[in-house]
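K.L.:
build me a model from this:
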Amino acid sequence: MAVRLSAKDRKAQIVGEVLKLADEIGPDRLSTTDVARAVGLSQPAIFRHFPTKGSLWLAVAEDIAQHLTAAWDKADTVAPDARLKALIGAQLSAIAQTPALPSILFSRELQVDNPPLRDVFRRLLGVFQMHLVNAITDQQSRGRLRRDVSATDIAILLTSLVQGVAIRWTLGARSFSVVEEGLRHFDVQMSLLQHQESR
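P.N.:
Numbers count the residues shown, from 1 in each chain. Alright, predicted model coming up:
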């Protein structure tokens, strides 16, 4: 028998189970029956909290967005010279803490079945890149990074670096630390983008 929780706590529990199950069995194979079984509720009880499977996935996306936004805002408070690396580290740490994230990003649920879900993650990517562009622009103004490469292009390169390491981590059965590997490649990328006089 399920423990009685407030509606808010029950929703949080369900969202947490979705993220856990999405990692274990994959987002595209996940059903509301699986979620109901995991939390000890009936399937109709799940739909009392989330009227559709799409609305459940949107709640998952908003939970992820809340955690990512808090991590980026915290990274923005570090010293300017360390801010860019802190942002990349925050993103990599979020992936390590939510292993289902790469699978969700490339799932049919996101790409085909649920346009509002895709819009949430597209918005998140835009916000992350804005944080990166601001940090990169600051480094360029201080003469630390090359000015002949646009801040937007550098932000896209760094976003692609994170995504590439995350895919390798997922396909490689998580046999290495995604944070350490990602930051190692970040350092390599930064050495290539350093302003010549600051080397």
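K.L.:
just give me how far the helix or strand of the chain with the lowest mean pLDDT sits from the chain centre.
P.N.:
Using mean pLDDT, DSSP states H and E, helix 108 stands out as the lowest-scoring helix or strand of the chain, at a mean of 79. Offset of helix 108 from its chain centre (Cα atoms, centre = their mean, to the nearest Å): 17 Å.
K.L.:
now do the following helix or strand past it: which elements does it pack against?
P.N.:
Per DSSP states H and E, the first helix or strand lying C-terminal to helix 108 is helix 115-141. Under the contact criterion of 3 or more Cβ pairs under 8 Å, 6 or more residues apart in numbering; DSSP states H and E, helix 115-141 touches helix 53-75, helix 80-97, helix 151-171. For every residue, glycine as well, the C-beta is placed using N, CA and C.
K.L.:
could you give the mean pLDDT of the helix or strand following the last one?
P.N.:
When you say that, I think you mean helix 151-171. Sequence-wise, the next helix or strand downstream of helix 151-171 (DSSP H and E) is helix 178-193. For helix 178-193, the mean per-residue pLDDT is 96.
K.L.:
excluding chain neighbours, what is closest to Glu62?
P.N.:
Once flanking residues are discounted, Glu62 sits nearest to Val120: 6.8 Å by Cβ to Cβ, 6 or more residues apart in numbering.
K.L.:
now for Gly164, how many residues are close by?
P.N.:
Residues near Gly164, counting by other Cβ atoms under 10 Å, number 12.
K.L.:
report the separation between it and Val178.
P.N.:
11 Å (Cβ to Cβ, to the nearest Å).
K.L.:
name the nearest residue to Asp23, ignoring sequence neighbours.
P.N.:
Asp23 sits nearest to Ala100 (Cβ to Cβ, 6+ apart), 3.8 Å away.
K.L.:
next one, pLDDT for the one you found please.
P.N.:
90.
K.L.:
number of nearby residues for Glu109?
P.N.:
Count around Glu109 with other Cβ under 10 Å applied: 21.
K.L.:
what do you get for the one 10 residues further on?
P.N.:
Around Asp119 sit 12 other residues, with neighbours defined as other Cβ under 10 Å.
K.L.:
likewise Arg29?
P.N.:
Arg29 - counted by other Cβ under 10 Å - has 11 other residues nearby.
K.L.:
SS state for it?
P.N.:
Under DSSP: H, G, I helix; E, B strand; the rest coil, Arg29 falls in the coil class.
K.L.:
great, nothing more from me.
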